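*Asks:* Here's my sequence, what's the structure:
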Amino acid sequence: MPRCIPDEKFNELFAQLGSHRDRALVAFWVSTGARASELLGARYGDADPGQQLITVVRKGTRAIQQLPASPDAFVWLRLYQAQMHDLVPAGVDDPLWWTLRRPFRELGYHAAYRMFNRANAALGANWSLHDLRHTAAYRMARDPDMLLTDVQWVLGHAHLSTTQLYLTPLTEDVVAGVLAHHARRSAGTSTTPIVSTDEPSALSYRPESLNVLFGEGTA
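*Replies:* Residues are numbered from 1 along each chain as shown. Modelled structure (predicted):
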């Protein structure tokens, strides 16, 4: 099954990122569901903060598609672009993502992979760049206000059955839900037996039963 990064783990991972560029990249990956290579191939003119869209070329089909992204992603992008102003070309067809050290070069997949692995190493984690796409997919698919066909379109899946994988409950969510169920039942009616040394009642263990249970008075 696809791996989803839990929100608290994602926040810890995001805090380890060392630059505005890296924060922008991760924020776009986790909000658009774009594949790593699709986002890295974006040009400067592909980002449209006014419409909150970024254009990517889909892997495989090579289709050009605009993807909605989170407001945070565009905030980090603006901070990154301000930092790189006058250091790298900013024409419509120039790369959107650059290395941060001279000589400046277009950021490639392996450099982005190493950046993400450094954040992972600081936490002793092993999340992958593709797990960010899975995380975006889980978040959207489990939003009751989003149609699954819309999620399919955003992710670029050819078949709806692929998108439906993200409706599978996560183990940690199931465990949390069952524990919450037990907590609600306990709050409503306690089933814990009352052990009393006073006169036995219908709700308490009888002393002779405890003797049998713990072996008291037996040879």
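*Asks:* hey, let's count contacts and neighbours off CA atoms from now on
*Replies:* Noted.
*Asks:* and the longest helix seen in the chain, how far out from the chain's middle?
*Replies:* For the chain, the longest helix by residue count, based on DSSP state H, is helix 171-188. Remark: helix 171-188 is offset 22 Å from the chain centroid, using CA atoms, centre = their mean, to the nearest Å.
*Asks:* average pLDDT across that helix?
*Replies:* Throughout helix 171-188, pLDDT has a mean value of 89.
*Asks:* Buried residues of it, list them for me.
*Replies:* By neighbour count on 16 or more other CA atoms under 10 Å, the buried set for helix 171-188 is empty.
*Asks:* For that helix, which outside residues touch it?
*Replies:* Applying CA atoms under 8 Å, 6 or more residues apart in numbering, helix 171-188 has no contact partners.
*Asks:* Which parts of the chain are strands?
*Replies:* 47-48, 53-57, 64-68 (DSSP state E).
*Asks:* want to try TSV for the ones you listed, with mean neighbour count as columns?
*Replies:* Formatted as TSV, the strands of the chain follow (neighbours: other CA atoms under 10 Å):
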stretch	mean neighbour count
strand 47-48	18
strand 53-57	21
strand 64-68	16
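*Asks:* Take these and write them to a markdown table, including mean pLDDT and distance to residue 33.
*Replies:* As requested, the strands of the chain are exported to a markdown table (pLDDT from 0 to 100; distance: least, CA to CA, whole Å):
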| stretch | mean pLDDT | distance to residue 33 |
| --- | --- | --- |
| strand 47-48 | 98 | 15 |
| strand 53-57 | 98 | 11 |
| strand 64-68 | 98 | 9 |
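*Asks:* Please name whichever of those strands is nearest to residue 97.
*Replies:* strand 47-48 (11.2 Å; CA to CA).
*Asks:* related to what we said a few turns ago, any chance of a markdown table for the strands of the chain, columns distance to residue 85?
*Replies:* A markdown table is the format used below for the strands of the chain (distance: least, CA to CA, whole Å):
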| stretch | distance to residue 85 |
| --- | --- |
| strand 47-48 | 16 |
| strand 53-57 | 20 |
| strand 64-68 | 25 |
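*Asks:* so which of these comes closest to residue 95?
*Replies:* strand 47-48 (10.9 Å).
*Asks:* in the protein, which ranges drop under the pLDDT threshold?
*Replies:* Under the criterion pLDDT under 70, the flagged ranges of the chain are 189-219.
*Asks:* Now do the helices in it.
*Replies:* Counting by DSSP H, the helices of the chain are 7-15, 20-32, 36-40, 71-83, 109-123, 129-141, 148-155, 160-164, 171-188, 207-214.
*Asks:* could these go into a markdown table alongside distance to residue 99?
*Replies:* Putting the helices of the chain into a markdown table (distance: least, CA to CA, whole Å) gives the following:
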| stretch | distance to residue 99 |
| --- | --- |
| helix 7-15 | 19 |
| helix 20-32 | 9 |
| helix 36-40 | 12 |
| helix 71-83 | 11 |
| helix 109-123 | 8 |
| helix 129-141 | 18 |
| helix 148-155 | 27 |
| helix 160-164 | 34 |
| helix 171-188 | 37 |
| helix 207-214 | 71 |
